[in-house]
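>>> Fold the following, please.
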Amino acid sequence: QVQLVESGGGLVQAGGSLRLSCIFSGRIYRNFMLGWFRQSPEKEREFVAVFSWTGGATEYADSVKGRFTVSRGDAKNTVALQMDSLRPEDAAVYYCAAGHGIEAVTSRLWYPYWGQGTQVTVSS
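Numbering: from 1, shown residues only. Next up, the predicted model:
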């Protein structure tokens with residue numbers, strides 16, 4: 001089992017920045033993948049970014065490329081999502097997800113472990 005806890009959400013004006021963090025614990029093996037997803041009302045949960053904890057590989061949704069950066073966080077066992085140039089359409093509940101695999105996965109169906117989510121609100 002893997003436990004995930006997100007933090008860092010809040011209210012920000014369009015064009016501003018937020019940094020989300022996800023701290024994980026539990027049974028961690030090699031090829032550990034951490035993904036970020038988001039869900040806004042009446043929409044399906046969608047892929048945002050994924051980070052390979054072992055190799056550092058990343059992949060991003062087209063909608064956030066060049067604006068969001070996923071990386072190891074400052075604290076132990078933490079992955080961060082730096083979100084810059086935020087837009088009103090970025091507003092959603094952001095979830096951290098995890099699993100073990102060789103390749104970065106963008107499908108939410110693959111991830112067995114999920115956090116509770118953190119709310120991001122972007123005012124125009």
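>>> all strands in the chain, in order from the N-terminus.
Applying DSSP state E to the chain gives strands spanning 2-7, 10-13, 18-26, 32-39, 46-52, 58-60, 68-72, 78-83, 92-100, 113-114, 118-123.
>>> quick one: which of these is nearest Ser107?
strand 46-52 (7.3 Å; CB to CB). (C-beta placed from N, C-alpha, C; glycine too.)
>>> So in that sheet, which strands flank that closest one, and in what orientation?
If you go by DSSP bridges, strand 46-52 pairs up with strand 32-39 (antiparallel), strand 58-60 (antiparallel).
>>> residues in contact with the longest one?
Outside of strand 32-39, the residues that reach it under the criterion CB atoms under 8 Å, 6 or more residues apart in numbering are 20, 22, 24, 45-54, 70, 79, 81, 90, 92-101, 104-106, 108, 111, 117, 120.
>>> circling back to that earlier point, with mean neighbour count, mean pLDDT and distance to Ala14 added, can I get the strands paired with strand 46-52 in CSV?
Listed next are the strands paired with strand 46-52 as CSV, based on neighbours: other CB atoms under 10 Å; pLDDT from 0 to 100; distance: least, CB to CB, whole Å:
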stretch, mean neighbour count, mean pLDDT, distance to Ala14
strand 32-39, 23, 97, 16
strand 58-60, 16, 96, 20
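>>> closest one to Gly8 among these?
strand 32-39 (11.4 Å).
>>> what pairs with the residue positioned nearest the centre of the chain across the strands?
Nearest to the mean C-alpha position of the chain, by CA atoms, centre = their mean, lies Trp36 at 2.3 Å. The partner list for Trp36 in beta bridges (DSSP bridges) reads Ala49, Cys96.
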